[in-house]
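[1] build me a model:
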Amino acid sequence: MPLAYALNNNNLEVSLYKSKVVEMDGVAKRISIGNPGVADILILRGRQLYVVGKALGTTNVVVSPSSCPRRSRDTSSLPIRSTKSVS
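    Numbers count the residues shown, from 1 in each chain. From the prediction side, this is the model:
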């Protein structure tokens, strides 16, 4: 799996209008967001994903590493939950 983020099968929680950086083991070739209305995802330097909470809700991002063939099963799905900021 290309994602090195320690999720323990939980959602990545990001506060509304805040951001987090997710570290990966390898370089991402392609990313796809399930609901672009909930979060924005950008690839930073190939090995990092920048996640911004845009609206309250849940979505996921599918990451395909650059070393994986087009129809490979070596992709990862990262669940994302955008929540209210607790300050």
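[2] which residues in this protein form strands?
    12-15, 19-23, 28-33, 39-44, 48-53, 57-65, 76-83 (DSSP state E).
[3] including mean neighbour count and mean pLDDT, could those strands go into TSV?
    All C-beta spots, glycine's among them, are computed from the backbone N, C-alpha and C. What follows is the strands of the chain, written out as TSV (neighbours: other C-beta atoms under 10 Å; pLDDT from 0 to 100):
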stretch	mean neighbour count	mean pLDDT
strand 12-15	18	90
strand 19-23	15	88
strand 28-33	16	85
strand 39-44	16	91
strand 48-53	19	91
strand 57-65	18	87
strand 76-83	19	84
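[4] can you pull the contacts of S82?
    By C-beta atoms under 8 Å, 6 or more residues apart in numbering, the contact list for S82 reads 13-16, 38-39, 53-59.
[5] for the residue lying closest to V62 once chain neighbours are set aside, give its distance to L16.
    When the adjacent residues along the chain are set aside, V62 lies closest to S32, with 4.6 Å between them (C-beta to C-beta, 6 or more residues apart in numbering). As judged by C-beta to C-beta, to the nearest Å, S32 and L16 stand 22 Å apart.
[6] and if you look at S77?
    Distance from S77 to L16, by C-beta to C-beta: 22 Å.
[7] try I80
    12 Å.
[8] now do T75
    27 Å.
[9] tell me if I'm right that N11 and R81 touch.
    Yes. Between N11 and R81 there is a contact under C-beta atoms under 8 Å: 4.0 Å.
[10] tabulate the contacts of S82 (TSV), appending distance to R45.
    TSV is the format used below for these (distance: C-beta to C-beta, whole Å):
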residue	distance to R45
E13	23
V14	19
S15	23
L16	26
V38	24
A39	19
G53	21
K54	22
A55	27
L56	29
G57	28
T58	27
T59	23
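[11] out of those residues, which one sits closest to V27?
    A39 (21.0 Å; C-beta to C-beta).
[12] quick one: contacts for D40?
    D40 neighbours (C-beta under 8 Å, 6+ apart): I33, V51, V52, K54.
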